[in-house]
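> Give me a model of this one.
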Amino acid sequence: MRPRLTLALLVATGCAGSAPDSGNGPGPATGADDQGPAVTVYSSADPAGFDPQQFIAQQRLGYNPLFANQVPGFAVVKETRPAKLGAGVTDLKFTDVAQFIDPTTVSIADLTDPSTVVLEQNFQFDLASPAKILDRYIGREIGYVQEKDGVVVKQWKGTLLANNQAHGQLVVETPEGLQFLNFADPGIRLPSLPEGLITKPTLVWKLRSAEGGDHRVRTTYQTQGMTWRADYNVILAADEKSADVAAWVSLLNLCGATFKGARLKLVAGDVNRVQPEYADLSARASGGRLLEDREEAPGFEEKAFFEYHLYTLPRKTDVLDNTTQQLTLFPTARGVPVERVLVYYGLPDAASWGYQPQPMRDRDLGGQSNPKVDVYLRVVNSEASHMGMPLPRGRVRVYKADDADGTLEFVGEDLIDHTPKDEKVLVKMGQAFDVVGERRATDFKIDNKRDWMQESFEIVLRNHKDAAVKVIVKENLYRWTNWEITQKSDAFSKADARTIHFDVDVPANGEKKLTYTVRYTW
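All right, here's what the predicted structure looks like:
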């Protein structure tokens, strides 16, 4: 079974709305402004654990062949370039491409002459490095120069016998005997770059064209080493009844290439994709920082796209290598109505109340009590609430200004899934300080011969605030599927097949007690 992976897609495209090249045939007509890179970044990053700084730190430690595969995402790169082809068979080389290309995904289309045929294509990736260069010189002559205060005091030539990378040593045979050098000794001299090594990743095609001259070709390939995530900043008003909401996209590019002058698009949705077995998508969370609101920054223009949503940035931007950058998803929404919701779930968070294939008859189950009351912020993502844009999955951070000095203070954060317009967004802020709960089982009866059991609970909420509060009391009827509430002190609503909610008011500096009895049969 293919794993389901959260996808959001950043497109830097010079050919909006065109399908990717599937072969070597012609594509849609393009203008002069379409030249340049097009980058589509797919993200499988978990907003709860994805930390771009982790990958930046790893990249600084040095080259790792599997490093790009650990970045939770990949990219599709499309680029239109001018090319000079001869009549007949021509070799065409493109440098300045991503370092971590999947060569099986490479395609090319001649936009000038659709009859051009691709005879061969390959990706040359044997990049020069000190270790590789020295390996190519084993059995060949190298030189050595020793200087002191800018003056050469010793020099010689010899044959390189061994390059021990593990210990960082070279063994050189000279007329005076064997010399042992450090791998990074600045005195080592090599006459030239060995044949077969290149300084940049290179795509090479062998093309057959009927007409020579200036052509325009479009290439497409996939690469590892790119990903993104969404971040939302919510600034609560003093009365906590409204908020300003800003949204950002954080893009990470470690693919080994820079793409300048790109038109960016964002597509958000859930798409199935086969995951490589070697991919390590685990990343530790780190504390986020508050991004300052930039009112002048234009946001993405949104529209429906297949079963997803397409966001188009109405300007060009640069996607730089070894860089994280933040882009405004949409301008700050002002005065968004918000509602604070208190929820009491009396079962401890550590308890696991999975549904079993038979009645759970242990009388001691569910007797524990969780004293904490959870606090949520509820927002309706609608135009009436000054929002109404489909929201990609991401992390929401909430702040409120301290009225003493006007500085913003962090008050909670949570994750949201892809959220369509007109749907509610529920952000868990934390747990209340001045409102606590207590839950206890007051009675339990069971008759195994007649196949029934009955359980009673008492729930007490205490409010130490100077104002009354509303609390939703959540109860799971976990013992069995067939249940009936036979006694209740307050009205309830059925949330799902095994969950009920009591909406209660708790007076200021007072308490509220509710009771109920549930009967199970099988």
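> so where's this protein uncertain?
Along the chain, segments meeting pLDDT under 70 span 1-36, 56-67, 125-128, 165-167, 196-199, 267-298, 349-355.
> all helices for it, in order.
With DSSP state H as the criterion, the chain has helices at 52-61, 67-70, 130-136.
> Can you give me the domain assignment for this structure?
The record's domain parsing of the chain by automatic domain parsing lists 4-120+213-228+250-329, 130-189.
> tell me the most buried of those domains?
domain 4-120+213-228+250-329 (a mean of 17; mean count of other Cβ atoms under 10 Å). For every residue, glycine as well, the C-beta is placed using N, CA and C.
> May I see the buried residues of stretch 432-449?
Going by neighbour count (16 or more other Cβ atoms under 10 Å), the buried part of stretch 432-449 is 432, 435, 436, 437, 438, 439, 441, 444, 446.
> now, among these, which is nearest to residue 347?
Nearest to residue 347, judged by Cβ to Cβ, of these is residue 439 at 7.6 Å.
> my guess is that closest one meets residue 369, correct?
Yes - using Cβ atoms under 8 Å, residue 439 makes contact with residue 369 at a distance of 4.6 Å.
> which residues do these two both contact?
Jointly contacting residue 439 and residue 369 under the rule Cβ atoms under 8 Å, 6 or more residues apart in numbering are residue 346.
> before we move on, back to that, can you check which of the domains of the chain gets nearest to residue 490?
For residue 490, the closest of the domains of the chain is domain 4-120+213-228+250-329, at 35.5 Å, according to Cβ to Cβ.
> In JSON lines, list the domains of the chain along with distance to residue 468.
Formatted as JSON lines, the domains of the chain follow (distance: least, Cβ to Cβ, whole Å):
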{"stretch": "domain 4-120+213-228+250-329", "distance to residue 468": "33"}
{"stretch": "domain 130-189", "distance to residue 468": "71"}
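> ranges for the strands of the stretch 301-450 of the chain?
With strands called from DSSP state E, counting those that start in this stretch, the stretch 301-450 of the chain shows them at 301-305, 308-319, 323-345, 372-380, 394-401, 408-416, 424-447.
> do the same with the stretch 1-150 of the chain
So, for the stretch 1-150 of the chain - with DSSP E, counting those that start in this stretch - the strands run 4-12, 36-43, 73-85, 88-94, 101-110, 117-124, 141-148.
> Output the last one as CSV - backbone C-alpha positions only.
The C-alpha trace of strand 141-148 is given here as CSV (Å, rounded to 0.1, in the frame of the first residue of the first chain):
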residue,chain,number,x,y,z
GLU,A,141,53.8,12.3,-10.5
ILE,A,142,52.9,15.1,-8.1
GLY,A,143,55.0,18.0,-6.8
TYR,A,144,55.7,19.5,-3.4
VAL,A,145,56.8,23.0,-2.4
GLN,A,146,57.8,24.2,1.1
GLU,A,147,57.9,27.9,1.8
LYS,A,148,59.0,30.0,4.7
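> List the pairing partners of that strand within its sheet, with orientation.
Strand pairing for strand 141-148, determined by DSSP bridges: strand 151-164 (antiparallel), strand 188-189 (antiparallel).
> next one: the longest one
For strand 73-85, sheet partners with direction are given as strand 36-43 (antiparallel), strand 213-224 (antiparallel), following DSSP bridges.
> Turn those strands into JSON lines, columns for distance to residue 91.
Compiled in JSON lines, these are given as follows (distance: least, Cβ to Cβ, whole Å):
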{"stretch": "strand 36-43", "distance to residue 91": "22"}
{"stretch": "strand 213-224", "distance to residue 91": "13"}
